[in-house]
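Asker: quick one, fold the following:
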Amino acid sequence: MTSLDTPIAAAPKISKRILPALHRLGVKTLRDLLFHFPSRYEEFPEERAITNVATGERATIAGAIQKIAERRTAKGLRMTEATVRDETGSITVIWFNQPFLARTLKEGDVLRLSGKIARGLRGLSLQNPSYEKITRASPAGEARGTHTGGLIAIYPETDGITSRWLRFLIKTYLPLCRSLVDPLPHETRARLNLPEIKDALMHIHFPESQKQAADAEHRFIFEELLLVQLRALRERSRMKQRVAPAIPFDIELIKSFVVSLPFKLTDAQRRAIWEIGRDLARPQPMNRLLEGDVGSGKTVVAAAASLLAVRAGFRVAVMAPTEILARQHYATFDKILAPFHVSIGLRTGSEGKNPGSTDILIGTHALLHPIRSKSPEATADAPQAHLASNGVQKTVVTMENTGLAIIDEQHRFGVSQRAAFLRQEIAPHFLSMTATPIPRTLALTIYGDLDLSLLDEMPKGRKPVITKIISPEKRAEAYRFIRDKVRSGQQVFVICPRIEIAEKKPNDKIRSSRAYQQKLLAGEVKTVTDEYKKLSEFIFPDLRITMLHGRMKPKEKAAAMKLFSERGADILVSTSVIEVGVDVPNATIMMIEGPERFGLAQLHQFRGRVGRGAEQSYCFLFPTEDRMASRRLRAVVDAKNGFELAEYDMAIRGPGDLLGDRQWGEPGLILKGITDARLVHAVRDEAIALAQQSPDLAQYPALAKRLAALEKTLHLE
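Answerer: Next up is the predicted model:
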C-alpha cells in the first residue's frame, strides 16, 4: 500500500530514469516529494479566445490540435509546429528543440497553452508555450490547470527533472496528505490564524491566489522556526539539569587582571566579563556565545574567564579551527596571563607544547583525539578514545578537572565536535566565540540555546580601515602607494582567491572526495604561486615577499607566519587561510585579488587583519573588470562595521551565505523566515509558551514526534 513513507523507487508512476535526479534534490520518499516546496511562482494570464490575442503579449488559450508535425528550419533547428483552433479561430503553435512533442501530441487532442504571441510572415504564432491536455475546448476553459492556469509553482530543479515533472508527480500523490497529523497544536493555529497542514500543502503547490500561497508558505516557515526554537529551549533545559563546577567570580582577581593589561578595556568587554563571571559562579553549565566584530577584543575576555577558572583550581580547554589561530591564541594567552604564572600548553595536528600539568590547553580539533606518546606529561592531558556499544570509536574530552571549554569561530565546528566537550560526568562551562557578524534575528534562531554577550564597540583610538575598490587603470597607482608604505616600514597582506575547478555540478559525494579536494587545493596553490611570481619578479622585485597556502606543511606555514610577524618579509601572499586569527600590528595594507569570489563576511574578516596598530590602514579590492561596480563590493566600502555589513548581506543574498553549511535543521523555507524579526520573536514567544505548558511536549505528541525527527537528523551529522 502506498503511503507517505513509501520510497520513491517503489512508488508507481515514477520512472526509474528520474530517480537519480530526485535523489539529488533530497527526495527519497513520497513525504520528501510533497515537502519539496516551490522556490517561486509564475502567474499565467486568464484564458482568452484566439481572436482576442495580440502581438507581443503573453496569452493563455485553449483549443484542439488540427495538425502537428516536426520539421527543420533553414538553420537546422528542430521545430515542432501545430495548428490549434477554438470556436473563434486558429493559431500556429511552435516549439523549438522538443521533437518528442510530435509523437506525444496527436491531432484532436485538446490543449490549454500559455506563452508569448509573435507575428511572422504567416501571421500570429504562439512561441514555446507551456501546455497541458484538458477535457474540453472553450473560451472559459476549466477552473485551473496544473501547468498553464493561474499561479504555477516553479521548483528547485536539477539535471533530469523539471518543474513540469515535479508538478505532475506532486499532484498525483498529494491526496496522501489526508493521512497527515498536523504537528502544530490546534490552539496555536487558531491563535495565529495558520492553515491546517493538509490545506497548506495543497495551497503551497497549487494556490488559487498569491495570498493563498503566501499564507501556506508562512505556515511552514513558522513550523520550521518553532522546531528550531523548541530544540534550543530543550537544550537549555538539558544544560540546566547538568552539574558544573561553581567557579567563584573573584572581583579582586579581575581587577588585578585589568590593571595588568597594557591597554584599557572597552565598556563592552567589561560587560561581557561580568556576564561570563556571573554564569561561571553557578553550578549549572554556562552556555554563552561571545560575539564581536574583528578586533573587538574577544581573546582578552576569554583570557579573563580562563584566569577565573584556573585560580579556582580548574583547567581550561581552548579549541580553534586552524593551527594558525591556535598558535595565535597560545601566544596571546601566554603574553596576557604571564603576570599570573599560568601554565599554557599547545596541541595541534603537527605539534604539542605541554609544560607538565597544563592549566590551559589550546589547540585545534586535535584536542578531541588521543595522542600517541610515552611521555607521562603528554598522556595526562590526552583525550581518551572509547568504544561505544556498536564498536564505533567515540572521542571524549577527558582533560581531568576541566572547568571551562572555549571554542573560537564555533560555527566552523560540527555538532559532534562541540558536544564532545560536554560529555564529561561533570560538564565544564561552555564559551563559544565568533568574529563572524551575525544579525540578531539570525543569532536568536540558530544560537537560541546560547546566551549572548555582544562586543559592539572597538578599542579606543583604533582608526577605521580605509577601503577602496581599485579599477584596472588605477593598479599602477595603487602599487606605487603600497611600495611607499613598505619603504616607510609597514607590511602588506595579499589575498588570492581559489581558482574554480571545472566540474559539472559536482554533487556532495564528489565535493567531499579526496580527488576533488586535491583539485581545489591545486587551484588555490596556483593562484598564490602565480601572484607570488608576478609580485616578486615584475611588480615589487626590490621588496621581500613570502607566501602561504594550503599545501604547505604545518611547520612551513608556521615559519612563513613567523617570518612575516617578525618583519623578515614585507609582503605575505596568501589564501584565505589567514581569514581569522592573524595579528600583525605592523601590517597596514590588505590587498585582495578577485574579491567578488569571496563572501562579504570573509572580506570583512580579511580587512580585520589590518588596522591593529597606530598607523592608518588600508584595504584595496582588485576586482575583475566586469565586476567593477558590484553592489556587494560597494557595501564593503560603505559599511561602518561587520554587523551592518552582515545585515546588508542577509538582505541581498539571504542568511544561507552567512551560515555556510547549516547544522541545525532541514534546508528550505526557514531561511526566508530568519529575516523577519517580528516573526522570529513571535515564534520564540510561542515556543516558550508551549514548553511551559508541557515541558516534554507530551500534550502535543505530533509536535514532539517532529522535534524528535529533527534531533535525530542532527545527531547523525
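Asker: and the helix or strand residue 111 falls within, what does it pack onto?
Answerer: Using DSSP states H and E, the element containing residue 111 is strand 110-120. Counting contacts by 3 or more Cβ pairs under 8 Å, 6 or more residues apart in numbering; DSSP states H and E, strand 110-120 is packed against strand 58-72, strand 123-133. Just so you know, the C-beta spots here come from the backbone N, C-alpha and C atoms, and that holds for glycine as well.
Asker: okay if I get the ones you listed as TSV plus distance to residue 232?
Answerer: Converted to TSV, those look like this (distance: least, Cβ to Cβ, whole Å):
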stretch	distance to residue 232
strand 58-72	46
strand 123-133	43
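Asker: mind putting the ones you listed in TSV, mean neighbour count and mean pLDDT included?
Answerer: Putting those into TSV (neighbours: other Cβ atoms under 10 Å; pLDDT from 0 to 100) gives the following:
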stretch	mean neighbour count	mean pLDDT
strand 58-72	18	90
strand 123-133	18	87
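Asker: out of those, which comes closest to residue 3?
Answerer: With Cβ to Cβ as the criterion, residue 3 lies closest to strand 123-133 of these, at 27.8 Å.
Asker: and for the helix or strand following the closest one, what's in contact with it?
Answerer: With elements assigned by DSSP H and E, the helix or strand that comes after strand 123-133 is strand 151-154. The contact list for strand 151-154, computed with Cβ atoms under 8 Å, 6 or more residues apart in numbering, reads 38-44, 130, 146, 163, 166-167, 204-210, 213.
Asker: nearest to residue 278, of the helices and strands packed on strand 110-120?
Answerer: In terms of Cβ to Cβ, the element of the helices and strands packed on strand 110-120 nearest to residue 278 is strand 123-133, at 62.2 Å.
Asker: that closest one - contacts with which helices or strands?
Answerer: Where contact means 3+ Cβ pairs under 8 Å, 6+ apart, strand 123-133 is packed against strand 90-96, strand 110-120.
Asker: quick check: buried residues in the last one?
Answerer: Of all the residues in strand 110-120, those buried under the rule 16 or more other Cβ atoms under 10 Å are 110-115, 117.
Asker: again, but for the shortest one
Answerer: Taking 16+ other Cβ under 10 Å as the neighbour-count basis, strand 90-96 is seen to contain the buried residues 90-95.
Asker: what about residue 535, how many neighbours?
Answerer: Neighbours of residue 535 under the rule other Cβ atoms under 10 Å: 21.
Asker: can you tell me which residues contact it?
Answerer: Contacts for residue 535 were tallied using Cβ under 8 Å, 6+ apart; they are 494, 545, 571, 573.
Asker: neighbours of the third one, just the number please.
Answerer: Residues contacting residue 571 under the criterion other Cβ under 10 Å number 25.
Asker: ok, which stretches of the stretch 201-350 of the chain are strands?
Answerer: Assigned by DSSP state E, counting those that start in this stretch, the stretch 201-350 of the chain shows strands spanning 287-292, 315-319, 344-347.
Asker: sec struct for the nearest residue to residue 16 once chain neighbours are set aside, please.
Answerer: Spatial nearest neighbour of residue 16, excluding adjacent residues (Cβ to Cβ, 6 or more residues apart in numbering): residue 9 at 7.7 Å. Secondary structure state of residue 9, per DSSP: H, G, I helix; E, B strand; the rest coil, is helix.
Asker: out of the helices and strands packed on strand 123-133, nearest to residue 563?
Answerer: Nearest to residue 563, of those and by Cβ to Cβ, is strand 90-96 at 61.2 Å.
Asker: hmm, who's touching the helix or strand just after that closest one?
Answerer: On the C-terminal side of strand 90-96, the closest following helix or strand by DSSP H and E is helix 101-104. Residues outside helix 101-104 that contact it (Cβ under 8 Å, 6+ apart) are 68-70, 80, 95.
Asker: repeat that for stretch 263-271.
Answerer: Stretch 263-271 is contacted from outside by 258, 273, 292, 296-297, 300-301, 453-460, using Cβ under 8 Å, 6+ apart.
Asker: mind listing what's buried along whichever helix or strand residue 680 is part of?
Answerer: Element membership for residue 680, per DSSP H and E: helix 677-693. For helix 677-693, the neighbour count (16+ other Cβ under 10 Å) marks 679-680, 683-684, 686-687, 690-691 as buried.
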